[in-house]
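Student: what's the 3D shape of this:
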Amino acid sequence: MSMRFRLTVLVSLAVALAVLAVSLIAWTMIRSWMAGEMDDSLLAKVPDAGQIERIAGELPDGAMPGSRLFHVTGLIQRDQAAVQFLAADGTVERQLASPSFNDTLSAMSTEGVTLPVPVTGGPRLDTVTIADENYRVLSVRVGDSSTIMRLFQPLTSLEQTLTAIGWSLAATAAAGVVLAAIAGWVIAAAAVRPVHRLVEAAESVTFTGDLSRRVQLRSRARKRQGKD
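Tutor: As a prediction, this is how the structure comes out:
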């Protein structure tokens with residue numbers, strides 16, 4: 001294995017590790033930020049819990065809520081969240097969602113999915129998987145009553161966006177490694193060229209015994225030309 005090849009491999013590995021670390025940090029920060037924005041959007045509905053309950057009571061069973069209070073404005077899309085109102089014992093008293101969402105929420109009991117009930121008046125956020133889909137769920141007591149409101153926010157759009165970002169970062173990292181390999185090869189060639197000249201001169205002296213041979217260094221020649 002030549003010195004040039006070893007230098008190229010070392011440079012490529014160093015750059016690859018650096019790019020990989022930066023990509024992972026960037027993806028983690030983006031994921032944390034986007035998830036935080038979604039949680040903030042859900043928590044912003046806590047003060048409106050009483051109003052949401054009132055509006056829900058005015059809608060017929062099976063109706064799809066159209067009020068903006070039922071929407072969760074996220075970074076990716078303006079998703080309509082499903083809403084549940086539960087009694088103190090966890091029994092669902094009322095549920096507002098699209099037909100497909102209703103079927104998904106109905107699968108909670110069949111799949112044995114349970115959500116903790118807020119013990120105090122403070123809200124809580126949980127992530128659950130229902131019918132192979134992930135949801136972020138806000139649970140909060142409505143005012144001073146025993147009624148519990150739950151908002152279900154699909155995470156599909158968020159996950160798809162994070163996957164796309166991950167692939168973009170991976171492609172960028174791969175391109176960086178390729179460019180680093182090319183640059184490493186060029187740099188290594190320039191670095192080992194004087195060594196090759198010295199080796200050739202030493203071999204020539206060994207075979208010929210002529211100690212008058214000089215090694216031509218381009219850098220010195222250029223300096224002398226500049227002085228002249």
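Student: CA atoms for contacts and neighbours, from now on please.
Tutor: Fine.
Student: Neighbours of Pro60, how many?
Tutor: For Pro60, the count of nearby residues is 10 (other CA atoms under 10 Å).
Student: So it belongs to a strand, correct?
Tutor: No. Applying DSSP: H, G, I helix; E, B strand; the rest coil, one finds Pro60 to be coil, outside a strand.
Student: Show me which residues of stretch 34-42 are buried.
Tutor: Met34, Ala35, Met38, Asp39, Ser41, Leu42 (16 or more other CA atoms under 10 Å).
Student: Show me those residues that map onto helices.
Tutor: Members of the buried residues of stretch 34-42 lying in helices (criterion: DSSP state H): Met34, Ala35, Met38, Asp39, Ser41, Leu42.
Student: Output those as TSV; include the columns distance to Gly112 and pLDDT.
Tutor: Converted to TSV, these look like this (distance: CA to CA, whole Å; pLDDT from 0 to 100):
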residue	distance to Gly112	pLDDT
Met34	29	88
Ala35	26	88
Met38	26	86
Asp39	25	89
Ser41	28	85
Leu42	24	87
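Student: can you tell me which of the residues you listed lies nearest to Val177?
Tutor: Distance ranking of these against Val177, using CA to CA, places Met34 first at 28.1 Å.
Student: how much space between Ile25 and Gly166?
Tutor: Ile25 is 11 Å from Gly166, where distance means CA to CA, to the nearest Å.
Student: nope, Ala173 is what I was after
Tutor: As judged by CA to CA, Ala173 and Gly166 stand 10 Å apart.
Student: Comparing the two, which residue is more hemmed in?
Tutor: Neighbours per residue, other CA under 10 Å: of Ala173 and Gly166, the larger number sits with Ala173, 21 against 18.
Student: mind checking which helix or strand the more buried one is in?
Tutor: helix 156-208 (DSSP states H and E).
Student: what does Gln153 give?
Tutor: Here Gln153 sits within strand 148-154, counting by DSSP H and E.
Student: list the helices and strands the one helix or strand Leu17 maps to packs on?
Tutor: Assessed by DSSP H and E, Leu17 sits inside helix 3-43. Applying 3 or more CA pairs under 8 Å, 6 or more residues apart in numbering; DSSP states H and E, one finds that helix 3-43 makes contact with strand 71-73, helix 156-208.
Student: Out of those, which gets the lowest mean score?
Tutor: When those are compared on mean pLDDT, strand 71-73 scores lowest, with a mean of 63.
Student: what about Ser32, how many neighbours?
Tutor: 12.
Student: and it, how far is that from Leu162?
Tutor: 11 Å.
Student: The closest residue to Gly143 other than its chain neighbours sits in which helix or strand?
Tutor: Of all residues not flanking Gly143 in the chain, Gly50 sits nearest, at 6.5 Å (CA to CA, 6 or more residues apart in numbering). Element membership of Gly50 [criterion: DSSP H and E] is helix 49-58.
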